[in-house]
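Asker: When you get a sec, could you give me coordinates for this:
(one chain, ligands or ions: 1)
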Amino acid sequence: MTVQVEVPAFPHFINGKWEQASSLEMFDVFNPATGELAAKVAKGTPADVDRAVKAARDAFDNGDWKSMKPKDRANVLYAISNQIAANAEELAYLEAISSGGTVRRIGSSDILQMVDLFQTLAKFTLDYPFSETLPVPPFPGPAHNFIWREPIGVCAAITPWNLPMVIATWKIAPALAMGNTIVIKPASYTPLSTLKLAEIISAVVPPGVINVVAGPGAEVGEALVTHPEVDKVAFTGSTEVGRRIMGLAAGTIKNTTLELGGKSPNIILEDADLSIALPGSLFGVFLHSGQLCESGTRLFVPDKLYDQVVEGLVALAGKLQLGNPLDPATDVGPVISRKQKETILSYIEAGKQEGATLVFGGKEVKVPGCEEGHFIEPTIFTNVTNDMKIAQEEIFGPVLSVIRYSDLDEAIKMANDTIYGLAGGVWTRDVNKAYEVARKLQAGVVWINDWHMLRSDAPFGGYKQSGIGREMGQHSLDAYTQVKHVHTSMSPELERRNWYGILFGHNK
Ligand code: NAD
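Answerer: Predicted coordinates for the structure are as follows:
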């Protein structure tokens, strides 16, 4: 007898309720660890995008959401953080079975980060300078002047599959904090946790404030980016799609935030404490099977330490346990899909062809109990030069390139020799050296003796082709507001107006 297990179905979330796709079509979401069908999800069309944008528009234009007092809105953000904490188990499960992230990481980091982000932005909202008064000037005439910060309107958020829930909240939290409404298009591999988030957030915000339409990027994503009633686009994904989105958004001159790819350099200095630098560097690259935009994928090692470092990295990499992300014993889960696995394997092949030395991993793995999953061994290449394909292109998989250097200036030059500029790091006991390197690295975040340490109150974003704008912290609130200057004249008599003499001077 075969037991029929019911697969959950997720419609769109529009205007405070679950809504079928206008086409009635659904698409499949698979668990990357087991290959099993995890859920069926409504497949969006431009008509669904239009419904969601109209709901968001109506909530923004006609509701009292945008004019709520900062204190009340801060309370909404606190309520959302409570909702996330109360639904943590279900959110973590949905995230793990679709993204392949380990429950150990999601439970002990992602959920806490999301709760912390809403609480932190709630505090920032209370202190936010929604209205600033400027000094009364003698020129061009006495006047009261204000700077007001207002919500932008309807925001479109387009998110990737690697950290779907966390990255969605980087957009939802500041958008709502500043009184905007939002329509989110999650990646097709991982829409489940975002749909669930919308449902739980909608319990504490008016209908239409948060909406989710899943479906193909080229159709649903482009419909959002080009929709005339969308005022802002916040995109996280590859640099390639980011370029296209920037071009499409130009059609209606939309405010745009782009969080794109990375190829982050990690520099070990001669005086580094290797007992921390080595596991730290592997944490920097192998967390979530290397599918993190700010992973430290290029490791620069001085000649003097090269052999010792490589030996240490290989010994530590051998301790990592691949497995089902739902098993708390698992260190490293699968990669997202068969296609991604093949892309990663083709990069590994390219590394070998270009003459790099494969010293660890490099193969697909069959994990017992997860035979249909997409697992790749953590992989280490040595003798990599910075011009090789594996050192220049974003692989988005568990592949570390170890690059030799003989002096620090050379290391920094190679570190910056990339189109990307998302993150960088340095391991040293010398604080002055550390700040010198941090100053010279062209990256939006630099970690000293650490990696992946993002904070709710600190900005995150890229230099160069890693993006435009910043998420989290005060900077993210600025990114979801527009600025208005209001001038009030204090000169009651016409003749005392500076402009009267400028235009009507000959009548005087
Ligand atoms: P992707 O660019 O393929 O897709 C991202 C999102 O864009 C998905 O929702 C996709 O459906 C949508 N999309 C695709 N084509 C589109 C189009 N033409 N118009 C509108 N939307 C479209 O990226 P991915 O493979 O999901 O994620 C991996 C990439 O994301 C990596 O490059 C990684 O570095 C990057 N990333 C960046 C950050 C950051 O904060 N900088 C964080 C996480 C991931």
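Asker: going forward, measure contacts between C-alpha atoms and count neighbours the same way
Answerer: Noted.
Asker: Tell me the residues of this structure that contact the ligand?
Answerer: Contact residues (C-alpha under 6 Å from any ligand atom) of the chain with the ligand: 158-161, 185-188, 216-218, 221-222, 236-239, 241, 245, 259-262, 292-293.
Asker: Take the residues you listed and keep only those in helices.
Answerer: The helices, defined by DSSP state H, take in Glu222, Thr239, Val241, Ile245 from the residues of the chain next to the ligand.
Asker: what's near enough to touch the third one?
Answerer: If I follow you right, that is Val241. The contact partners of Val241, by C-alpha atoms under 8 Å, 6 or more residues apart in numbering, come to none.
Asker: Against Lys254, how distant is it?
Answerer: Distance, Val241 to Lys254, using C-alpha to C-alpha, to the nearest Å: 16 Å.
Asker: Buried subset of the ones in helices among the residues of the chain next to the ligand as a PyMOL selection?
Answerer: Buried residues among those (16 or more other C-alpha atoms under 10 Å), as a PyMOL selection:
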select buried, resi 222+239+245
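Asker: How about the backbone phi and psi for the residue nearest to Glu364 when sequence neighbours are not counted?
Answerer: In this structure, Glu364 finds its nearest non-sequential neighbour in Ile376, 4.4 Å apart by C-alpha to C-alpha, 6 or more residues apart in numbering. Reported as degrees, to the nearest 10, the phi and psi values for Ile376 are phi -130, psi 140.
Asker: And for Glu25?
Answerer: phi -80, psi 150.
Asker: Okay, strands next: where are they in the stretch 401-508 of the chain?
Answerer: Here the stretch 401-508 of the chain has its strands, by DSSP state E, counting those that start in this stretch, at 423-427, 445-448, 467-468, 481-489.
Asker: so who does Thr120 touch?
Answerer: With C-alpha under 8 Å, 6+ apart, Thr120 has these contacts: Ser456, Asp457, Gly473.
Asker: my read: the last one touches Ala458, true?
Answerer: Yes. Between Gly473 and Ala458 a contact is recorded at 4.8 Å, counting by C-alpha atoms under 8 Å.
Asker: Those two: which has the busier surroundings?
Answerer: Gly473 (20 against 14; other C-alpha atoms under 10 Å).
Asker: so how far is the ligand from the closest residue in space to that one that isn't next to it in sequence?
Answerer: In space, and not counting its chain neighbours, Gly473 is closest to Asp457: 3.9 Å by C-alpha to C-alpha, 6+ apart. The gap separating Asp457 from the ligand is 15 Å, by C-alpha to the nearest ligand atom, to the nearest Å.
Asker: now Asn498
Answerer: 49 Å.
Asker: Next: Lys66.
Answerer: For Lys66 relative to the ligand (C-alpha to the nearest ligand atom), the value is 27 Å.
Asker: quick one: secondary structure of that residue?
Answerer: coil (DSSP: H, G, I helix; E, B strand; the rest coil).
Asker: All the helices of the stretch 1-150 of the chain, in order from the start?
Answerer: Using DSSP state H, counting those that start in this stretch, the helices found in the stretch 1-150 of the chain span residues 46-62, 70-86, 88-99, 103-105, 111-127.
Asker: Which one of the ones you listed lies nearest to Lys304?
Answerer: Evaluated over the helices of the stretch 1-150 of the chain, closeness to Lys304 peaks at helix 103-105, with 34.8 Å, by C-alpha to C-alpha.
Asker: Could you pull up the residues touching the nearest residue to Gln20 once chain neighbours are set aside?
Answerer: Nearest non-adjacent residue to Gln20, counting by C-alpha to C-alpha, 6+ apart: Pro11, 5.1 Å away. Contacts for Pro11 were tallied using C-alpha under 8 Å, 6+ apart; they are Trp18, Glu19, Gln20, Ala21, Val41, Ala42.
Asker: Count the residues that sit near whichever residue of the stretch 251-400 of the chain sits closest to the ligand.
Answerer: Proximity of the stretch 251-400 of the chain to the ligand (C-alpha to the nearest ligand atom) peaks at Gly261, 3.2 Å away. Using other C-alpha under 10 Å, Gly261 has 28 neighbouring residues.
Asker: same thing with Glu90?
Answerer: Counted with other C-alpha under 10 Å, Glu90 comes out at 13.
Asker: one step back: per-residue confidence at the residue of the stretch 251-400 of the chain closest to the ligand?
Answerer: If you check Gly261, the pLDDT there is 98.
Asker: same thing with Val3?
Answerer: 55.
Asker: Please apply the same query to the one 10 residues further on.
Answerer: Model confidence at Phe13, given as pLDDT, is 98.
Asker: Same check on the one 3 residues further on?
Answerer: pLDDT for Gly16: 98.
Asker: Give me the distance between it and the ligand.
Answerer: Gly16 is 22 Å from the ligand, by C-alpha to the nearest ligand atom.
Asker: Skipping its backbone neighbours, what lies nearest that residue in space?
Answerer: Pro207 (4.2 Å).
Asker: mind checking the SS state of that neighbour?
Answerer: From three-state DSSP, the assignment for Pro207 is coil.
Asker: Which residues are in contact with it?
Answerer: Applying C-alpha under 8 Å, 6+ apart, the residues contacting Pro207 are Asn15, Gly16, Lys17, Ala55, Ala59.
Asker: And for Gln465?
Answerer: The contact partners of Gln465, taken as C-alpha under 8 Å, 6+ apart, are Thr239, Leu260, Gly261, Ile419, Tyr420, Gly421.
Asker: these two touch, right, Lys484 and Trp148?
Answerer: Yes. If you go by C-alpha under 8 Å, Lys484 and Trp148 touch, sitting 5.0 Å apart.
Asker: What's the local residue count around Gly323?
Answerer: Residues near Gly323, counting by other C-alpha under 10 Å: 24.
Asker: Identify the residue spatially nearest to it, adjacent ones excluded.
Answerer: Gly323 sits nearest to Thr330 (C-alpha to C-alpha, 6+ apart), 5.1 Å away.
Asker: how about that neighbour, phi and psi?
Answerer: Dihedral angles (degrees, to the nearest 10) for Thr330: phi -80, psi 130.
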